[in-house]
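# Quick one, structure for this:
(one chain, ligands or ions: 2)
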Amino acid sequence: MTTEHVSFTVNNVERAVEVSGSETLLDTLRDQLGLRGSKEGCLEGECGACTVLLDSRPIDSCIYPTAACAGREVRTVEGVAQLDAPSLLQQAMVRSGSVQCGFCTPGFVMSLTALLERESNPDREAIANAISGNICRCTGYTQIIEAVEAVVAEYASSNTAQEAQA
Ligand code: FES
Ligand code: FES
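Ligands and ions are numbered 1, 2, ... in the order given. Model prediction:
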């Protein structure tokens, strides 16, 4: 089998792997790099459990060839925060009851992290659009949307506090 050498950045660390032309980014992350936070769900680009950010945009890593990531920047859920210091979004998702079985959670975290990095005050429609490629079988989505709204409210109150101090 012919293999290809691919160098790319994963969670701010330069990585180099040998892959077959068809190896998916999800397989490379989980099996070669030991990053198992991205989940194997449908493996057909439908459920979003495998969502990672490629150059800051969410992609389904189960259908994305690793070879196409050469020279690019990948971020996985392991790169969003430390285990003992979850991001504001992760904290809000736990508080709101968005994490039930948790299988879908890494994918939602990645889609919503990308949203909050490009928009600090998304409305419900923007939030729903951002998670339109992520499926959750447990929550009914309301708690997930409420978690994002809680983060947006935290941003707003910390901005107000900073303005008051200025
Ligand atoms: S596992 Fe990739 S979209 Fe479902
Ligand atoms: S929390 Fe179970 S699938 Fe989303």
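
# Every contact and neighbour count from this point should use C-alpha atoms.
Will do.

# give the contact list for Gly79.
Residues near Gly79 by C-alpha atoms under 8 Å, 6 or more residues apart in numbering: 11-12.

# pLDDT score assigned to the one residue sitting closest to the centre of the chain?
Residue closest to the average C-alpha location in the chain (C-alpha atoms, centre = their mean): Met110, at 1.4 Å. As predicted, Met110 sits at a pLDDT of 98.

# now swap in Val13 and tell me
Model confidence at Val13 (pLDDT) stands at 98.

# For it, give the beta-bridge partners.
On the basis of DSSP bridges, Val13 is bridged to Val10.

# still on that earlier bit, neighbours of the spatially closest residue to the residue nearest to the centre of the chain that is not a sequence neighbour, how many?
Nearest in space to Met110, with sequence neighbours left out and distances taken as C-alpha to C-alpha, 6 or more residues apart in numbering, is Val52 at 5.9 Å. Using other C-alpha atoms under 10 Å, the number of residues around Val52 comes to 29.

# Which helix or strand contains Val52?
Counting by DSSP states H and E, the element that carries Val52 is strand 51-54.

# does any bit of stretch 133-141 sit next to ligand 2?
Yes. Legend: contact between stretch 133-141 and ligand 2 by C-alpha under 6 Å from any ligand atom is shown at 136-139.

# Cool, thanks, signing off.
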